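>>> When you get a sec, could you give me coordinates for this:
(one chain, ligands or ions: 1)
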Amino acid sequence: MEGVLKQVFAPIVATPGGSETTLGVFSKEEDAWDVLRAFLAKAGETDIVSGNITVWEIDYVGEDGQFILAEFDRNPCPVCEERSFWVEGDNERARCYNLRCGSWIEQNTFDSSRWDCGWPAANWEKRADDYKQAFRRLIEMRAQSTSAGTEHRMPSREAWLNEKDRERRTIQQNKFNSLNEDITE
Ligand SMILES: [Zn+2]
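The predicted structure follows:
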């Protein structure tokens, strides 16, 4: 026998102007997540910049019968630079929905003082102390992969230092670019 329906779940997306579109209303939380994830995966062609899952209490009298379960913001990806990097809540976790990239950041399930990040396309995973450090690790991963083709067998110490300097500048540039995009959006 079915349990009594007490709540419904609605995935909602919004444009920069705050114009909202409700993607559906579901009795199961998992269905709302599936629909929202499917949308985020294809959001590249839209001007949607934020999303959330809103919960409504059923047969509830009053103003408090609605709350937001999870919120998402769209950002430039530190790895592929596409605007497909969706950050959940207040930097709680993040994932790039670009299928060729898939970079992610997540707090460790068992150890809350530890953060993990990864780039499945390159089969890389790293640890970090917090979200910001995890984000920097992703930028570093990208810089390393970019320079990997030219980094082998540097002939002299000077050349090696030059290479390190260039890597550092690339990382700085990437940081600057992503900050810049944040500001200009
Ligand atoms: Zn990406």
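
>>> contacts and neighbour counts: CA atoms only from here.
Will do.

>>> Look at the closest residue to the ion within the chain and give its secondary structure.
Taking C-alpha to the ion, the ion has its nearest neighbour within the chain at residue 80, 4.0 Å off. Using DSSP: H, G, I helix; E, B strand; the rest coil, the structure places residue 80 in coil.

>>> quick one, what contacts residue 52?
Applying C-alpha atoms under 8 Å, 6 or more residues apart in numbering to residue 52 gives the contacts 11, 12, 13, 68, 69, 70, 71, 72.

>>> quick one: secondary structure of it?
Secondary structure for residue 52, judged by three-state DSSP, is strand.

>>> Now the nearest residue to it once chain neighbours are set aside: which helix or strand?
Of all residues not flanking residue 52 in the chain, residue 71 sits nearest, at 4.3 Å (C-alpha to C-alpha, 6 or more residues apart in numbering). Using DSSP states H and E, residue 71 sits in strand 66-75.

>>> what about the following helix or strand past that strand, near the ion?
For strand 66-75, the following helix or strand on the C-terminal side (DSSP H and E) is strand 85-88. No - residues of strand 85-88 contacting the ion under C-alpha under 5 Å from the ion: none, with a closest distance of 6.2 Å.

>>> What are the structural domain limits within the chain?
1-75, 76-185 (automatic domain parsing).

>>> worst average pLDDT in those domains?
Lowest mean pLDDT within the domains of the chain: domain 76-185, a mean of 80.

>>> Please see if stretch 136-148 touches the ion.
No - shown here: stretch 136-148 not in contact with the ion (C-alpha under 5 Å from the ion), separated by at least 9.7 Å.
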